Every structure is written in structure tokens, then in C-alpha cells.
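J.: return atomic coordinates for the entry below.
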Amino acid sequence: MSVPGSEGSEVMGVATVPATTPPARMSRVGGERLGEPGTQVDPAAGVPVLPEDITARSWVVSDAESGKVLAAHNAHWRLPPASTLKMLFADTVLPRFSKEIRHKVVASDLAGMGVGSSVVGMREGHTYTVHELWLGVFLRSGNDAVRALAAMNGGVARTLKEMQDHADELQALDTHVVSPDGYDEPGQVSSAYDLTLFARSGLQKKEFRDYCSTVRARFESGVIQNTNRLLSGDTDVPVYPGIAGVKNGNTTKAGATFTGVAKRNGKVLLVTVMNPAKQEHNEVYKEAAKLFDWGFRADGRVNPVGELVAPKDAARAGTRPSTSGHEAQGTGGWTAAGIAGGLLVLLSGGAFLINRRWPLPDLMRRRNRS
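T.: Next comes the predicted model:
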């Protein structure tokens, strides 16, 4: 089934916002149908229909381990990504520095941040560990923490080039990186498909899994909480069963964006949602939860409409070792091994990270009790 979108053009600029209609033809990476506008799904008999009240401009539901795209809507529409782009930043920069390294913040570290940027509250002249900086990136979406890490990495310009090179290696060809933190900049775009690739790649890395699953942590003299509401909960959004990350965002041009990973009954799904038209509080999380619910019921019962492609190096080699220590088999196996390797779950009663196999059936019970 293909539900086409209406015609329109897309203009990026300081005083403009993205068009409300997708291009008639988009990238075909991952399959022909993923380049078609509108909703793409191929259900078998008895499969539940997709939720009718999904208003996002673009979304993707995929099996994180097999890479099968179960359903999608304008998967390759190039849109402003907001802070979900920090997944690419983290996937690129995380391996560079040991978490024990200490960094003293200077004024130039924080230069260039956009007006109204989300921050974790770093202060000039104060010293932070790399571990604290990454907590600031993942939990508070701190552009100040991103800028400090970029400074450590040789500067913003170098970091942008490395992020773009890494996106190209992942075959995330809809992505053009202009700011390392996802702040609105002319020409900065990604897609629901590419954001899903960034999450899938990042989840290969143990530290990435650690940080994106952390609910609360101490930062300087206070406690910070993850702004991913499916992970931390809110008055109108409960913690989603089996959720374990990944990243949310919200800017003027991008609207609300979100990529999440969750497990249920042995299935691990990735859901990306970009810019719901419905302007209700926490709408991006509500729509993501509905797509997760559908995906868990439909996985194994729908014909995939595409696939999440492997990175170029995995495709070239035919195999890739996982950073979790498992040996990968085939071009898709590296992802299954990496994602299943284990997550660190933060217990809300303190600043301690507890090693656990992820996901555990009682994960949410443990987290809510602590």
C-alpha cells in the first residue's frame, strides 16, 4: 500500500521553514519503496492496521537486529533533525576520549552556540570529566557539552567534517551536517531513515548504550534527568515498557524529533518520528509509542518495505566485529551482536550505573522501584 503525499517544494533558509509536503522522488537507499512519498507498508492477513492518528511528516519503524523496515512514511524526506543529530556526533566522537579525561572549559569552547540553545549548565573555568560531558549531551541535550567535546576533538570545523564523513560511511546520504549539536542552520538536514542508521550504528558501542539508557545522573552539585520522555516519563507520557534510549530533539524549524529503541518478546525495534503536525504536549513521544506498539504486533507478520543498509566497510568486508566483543556474521550480524550486547541502566536513587544484561524482562520494574 502506498499513500502519496501532496505536491510541494522544499526551501531551506534563515527566514523559511521546510515545506509541508515531501518531494515527489527521494533517495532509494534501502529500497525503491523507501523513496516514494507517503506511507509504505505491506501487511499480511491479520496484521493490525497502522495507527490512523500519526501526524509526523516522516517516520520509520524497523527491526533493529535484522534491519528490515516494517513500515515507513516519507522515509528519505530531508528535514531539519534538531538534537537527534547528536546521535551522529556521539557515534563519531565517543571513541576518541577516555571517560576519565578532564577538561577545563574556556570561553572559546562555548563560542558559536545558537541563541536559546539547550544547555547542561557548564561554566567557564570549571573542569569536567569526559564522562560528565557525555551525560550532558545525552541527558540534557547540552549544546555546551557538545561544543566542549568538539573543542577537545580539534575544533568544530574538524568535527563537522568527521561527522559528515561518518554519515557517508554509514550510507546516510540524506544528511548534510552544518552544526555539531543539531541547532537549526541553513542547509542542515537529515531524514528519518538516516537518523535510524545513526542510532543503529551508535548502539554498537557500549558507552553509547550506557549513556542513551541513563535516566538520571549527578552533574556538578545537582541531578539531571533525561529529556527523552519515553525513558524518564512525564505527566502525560508513561515510561515505555522495554525502552532503552535513544535521543530526542526540538527546534523551531525541525519541530519535535525522536529516535527510540525498545525490546519486547525478543524483538528489538527502532522507531524514528520527525515533526508531528499535531501540536499537543509530548506528541512526538505519543506517536512513537503508537508506532512501537504496532511494530511489536506486526514484526514477523509484514513483508518489509526496505532495509537498513550496513555501513560501507561492513558491506565491503562481508563481516564486521561488534564493539561488544561478539563476533559478527554477515553484513547484518554486526548490528544484532552490538545491540544485544548489554546496556547500563541508571538507578534513580543515586549516581551509580549498574551493569545489567539488556533488555531484562523486569527492567522497568527495577527502574521504577529504585
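J.: pLDDT below threshold where in the stretch 201-350 of the chain?
T.: Within the stretch 201-350 of the chain, the stretches with pLDDT under 70 are 315, 317-350.
J.: in it, which spans are helices?
T.: Using DSSP state H, counting those that start in this stretch, the helices of the stretch 201-350 of the chain run over residues 206-212, 229-232, 283-298, 312-317, 330-339.
J.: show me the one of these that comes nearest Gly35.
T.: helix 312-317 (19.3 Å; CB to CB). Where you see a C-beta, it was placed from the backbone N, CA and C, and this is true even at glycine.
J.: and the residue nearest to Leu269 when sequence neighbours are not counted, how many residues sit next to it?
T.: By the measure of CB to CB, 6 or more residues apart in numbering, the closest residue to Leu269 outside its immediate chain neighbours is Gly295, 4.7 Å from it. By other CB atoms under 10 Å, the residues close to Gly295 number 22.
J.: ok, Gly295 touching Val271?
T.: Yes - Gly295 is in contact with Val271 according to CB atoms under 8 Å; the separation is 6.6 Å.
J.: shared neighbours of those two, which are they?
T.: Here Gly295 and Val271 share the contacting residues Val61, scored by CB atoms under 8 Å, 6 or more residues apart in numbering.
J.: coming back round to it: looking at the helices of the stretch 201-350 of the chain, which is closest to Trp59?
T.: When the helices of the stretch 201-350 of the chain are compared by CB to CB, helix 283-298 sits nearest Trp59, at 6.3 Å.
J.: list the contacts of the closest one.
T.: Outside helix 283-298, the residues that touch it by CB under 8 Å, 6+ apart are 43, 47-48, 50-51, 53-56, 59, 61, 70-71, 229-230, 234, 236-237, 240, 248, 250, 255-258, 260, 262, 264-265, 267, 269, 271, 273, 276, 278, 280.
J.: before we move on, what about stretch 153-172?
T.: Contact with stretch 153-172 is made by 29, 88-89, 91-93, 96-97, 112, 147, 150, 173, 175-180, 190, 193-194, 197-198, 201, 309-313, as judged by CB under 8 Å, 6+ apart.
J.: just the C-alpha atoms of that stretch, please, in CSV.
T.: C-alpha atoms of stretch 153-172 as CSV (Å, rounded to 0.1, in the frame of the first residue of the first chain):
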residue,chain,number,x,y,z
ASN,A,153,38.4,17.0,19.2
GLY,A,154,40.3,19.7,17.3
GLY,A,155,37.5,22.2,16.8
VAL,A,156,34.0,22.5,15.3
ALA,A,157,35.2,22.5,11.7
ARG,A,158,37.2,19.3,12.1
THR,A,159,34.3,17.7,14.0
LEU,A,160,31.8,18.6,11.3
LYS,A,161,34.0,17.1,8.6
GLU,A,162,34.4,13.9,10.6
MET,A,163,30.6,13.7,11.2
GLN,A,164,29.9,14.2,7.5
ASP,A,165,32.5,11.5,6.6
HIS,A,166,31.0,9.1,9.1
ALA,A,167,27.4,9.8,7.8
ASP,A,168,28.7,9.0,4.3
GLU,A,169,30.4,5.8,5.6
LEU,A,170,27.0,4.7,7.1
GLN,A,171,25.3,5.4,3.7
ALA,A,172,23.3,8.1,5.4
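J.: list the buried ones in that stretch?
T.: Residues 153, 156, 159-160, 162-164, 166-167, 170-172 are the ones in stretch 153-172 that count as buried (16 or more other CB atoms under 10 Å).
J.: stretch 239-258 now?
T.: 239-251, 253-258.
J.: returning to what we had before: max pairwise distance over the buried residues of stretch 153-172: which two?
T.: Comparing all pairs in the buried residues of stretch 153-172 by CB to CB, the longest separation belongs to Val156 and Gln171, at 24.5 Å.
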